[in-house]
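1. quick one: sequence plus predicted model below, questions after.
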Amino acid sequence: MLKLLTQVIKVHPQKPEKEVMAKAAEVIMRGGLVAFPTETVYGLGADALNPRAVERIFQAKGRPADNPIIVHLGDLKQLEILTNYVSPRASEVMKRFWPGPLTLIYPRSEKVPPVVTGGQDTVAVRMPRGKVALALIRALGRPIAAPSANLSGRPSGTTARHVFYDLNGEIDLILDAGPVEVGVESTVLDLSTQPPTILRPGAITTEELRGTIGEVALGKQCQPVTRSPGTRYRHYSPKAEVSLVKQNAWYEIGKLIDQYIAMGKKIGLITRLYYPHFDSSRVIIKVMPRGLGEYAKEMFAALRELDEEGVDCIIVEEVEQKGIGVAIMDRLLRAAAH
Ligand code: TXA
Ligand code: MG
């Protein structure tokens, strides 16, 4: 079947054009799908209160129906549609971190379509600080349901080009405001437990959360993933097989390269160190920034670029598990799980 090209419109990342926002809001109002930048990654947005529109998100991404979607707010008034109960602690946390990359879990009101929450009785909500995301939700005047704008299981999209690559023909519109600010997804926090539980490490660090609410626990989802076959956590994965190695393990990397070459494989290496002794005709090296914030911005793009180069295996050096490094390592471990 012939599929129509998805329309792409450029938009100013800091001062999104009113006409463009109005047009995108109209597409969503009519039940369409619009990919748009948030501060973390590109999101694939639909009207959160229109179950048929949200259904289309699952189809476009090939997303399992039991994986719930985050609802994005433009103002606090919209939270009243989604939940009937906001605890004092939740108010405090929202005051401190919204708008921003922190997702909170609330008991869901009957107005939230079950398709949004994967049938669960809770709903995940955040108010993004990305200017385009906020302008779009405000132009629409309703909350927007939006998972990351990638095919299910693939690395999240941090540029419009990534989104186009995965979803062209499946969605109505992509708003292109250039690369995103952060590069990893929001932190997902459940405040209903004592202490609160981080369900997914992300752009707001554990250290920052502890500074505001004291003790927080790491949820089961956050435990280091096993690399056993069939784990349901395979995620963020390029087509190539990903192997994680310790920092500065140049000897181990050299051995891996030799092994892969002997198997006739094409190899990529993602590292923050420059290894002049690795022959560039044998391995494609992506040298990443030293700073973890800069690293986060480029991580998903590096995985996708090596895929496009057609490598069979990607060797990735670990990063320090501190600050945003915790979220980076979470994504790398999941990318390596197979
Ligand atoms: O930064 C982000 O969070 C991006 C941008 C677009 O906002 N969105 C994003 O959505 O990463 P997605 O769908 O790729 O990831 C949503 C995560 C999943 O791990 C999902 O299981 C979890 O949030 N989640 C959603 N609703 C939940 C709920 N009711 N309870 C627990 N976890 C939930
Ligand atoms: Mg995702």
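-> Right, received. Where do you want to start? Numbering: from 1, shown residues only. Ligands and ions are numbered 1, 2, ... in the order given.

2. ok, now which ones touch Val123?
-> 68, 71, 82-83, 105-109, 112, 116-117 (C-beta atoms under 8 Å, 6 or more residues apart in numbering). For the C-beta atoms, the positions are set from N, CA and C on the backbone; glycine is no exception.

3. need the residues of this structure near ligand 1, please.
-> 38, 40-41, 43, 67-70, 101, 103, 105, 117, 120, 122-124, 128, 146-148, 185-186, 188, 199-200 (C-beta under 6 Å from any ligand atom).

4. one more time with 5 Å, if that's ok
-> Counting by C-beta under 5 Å from any ligand atom, the chain comes close to ligand 1 at 38, 40, 43, 68, 70, 105, 120, 122, 124, 146-148, 185-186, 188.

5. for ChimeraX, write the selection for the buried entries among these.
-> Listed next is the ChimeraX selection for buried residues among the residues of the chain next to ligand 1, using 16 or more other C-beta atoms under 10 Å:
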select :38,40,43,68,70,105,122,124,146,147,148,185,186,188
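
6. among the residues of the chain next to ligand 1, find the lowest-pLDDT one for me.
-> Lowest pLDDT of these: Gln120, 93.

7. ok, it touching Pro107?
-> No - judged on C-beta atoms under 8 Å, Gln120 makes no contact with Pro107 at a distance of 10.1 Å.

8. so where do the helices sit in this protein?
-> Per DSSP state H, the chain carries helices over the ranges 18-29, 51-61, 79-82, 88-97, 131-140, 160-167, 206-213, 250-262, 292-308, 325-336.

9. and the ones you listed as TSV, adding mean pLDDT?
-> TSV is the format used below for these (pLDDT from 0 to 100):
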stretch	mean pLDDT
helix 18-29	98
helix 51-61	98
helix 79-82	98
helix 88-97	96
helix 131-140	98
helix 160-167	98
helix 206-213	95
helix 250-262	94
helix 292-308	97
helix 325-336	96
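
10. can you redo these as CSV with mean neighbour count?
-> Output for these, formatted as CSV (neighbours: other C-beta atoms under 10 Å):
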stretch, mean neighbour count
helix 18-29, 18
helix 51-61, 19
helix 79-82, 17
helix 88-97, 15
helix 131-140, 23
helix 160-167, 21
helix 206-213, 15
helix 250-262, 14
helix 292-308, 20
helix 325-336, 22
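
11. reformat those helices as CSV; add distance to Ile314.
-> Converted to CSV, the helices of the chain look like this (distance: least, C-beta to C-beta, whole Å):
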stretch, distance to Ile314
helix 18-29, 35
helix 51-61, 23
helix 79-82, 39
helix 88-97, 33
helix 131-140, 30
helix 160-167, 16
helix 206-213, 27
helix 250-262, 10
helix 292-308, 5
helix 325-336, 8
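
12. out of those, which comes closest to Leu5?
-> Closest approach to Leu5 among these (C-beta to C-beta): helix 160-167, 9.0 Å.

13. can you spell out which helices and strands pack onto the closest one?
-> Under the contact criterion of 3 or more C-beta pairs under 8 Å, 6 or more residues apart in numbering; DSSP states H and E, helix 160-167 touches strand 34-37, strand 42-47, strand 173-176, helix 292-308.

14. 7 Å instead, please
-> Packing contacts for helix 160-167, counted by 3 or more C-beta pairs under 7 Å, 6 or more residues apart in numbering; DSSP states H and E, involve strand 173-176.

15. which other residues reach the strand it packs on?
-> Defining contact as C-beta atoms under 7 Å, 6 or more residues apart in numbering, one finds that strand 173-176 is touched by 6-11, 20, 24, 27, 34-37, 132, 160, 163-164.
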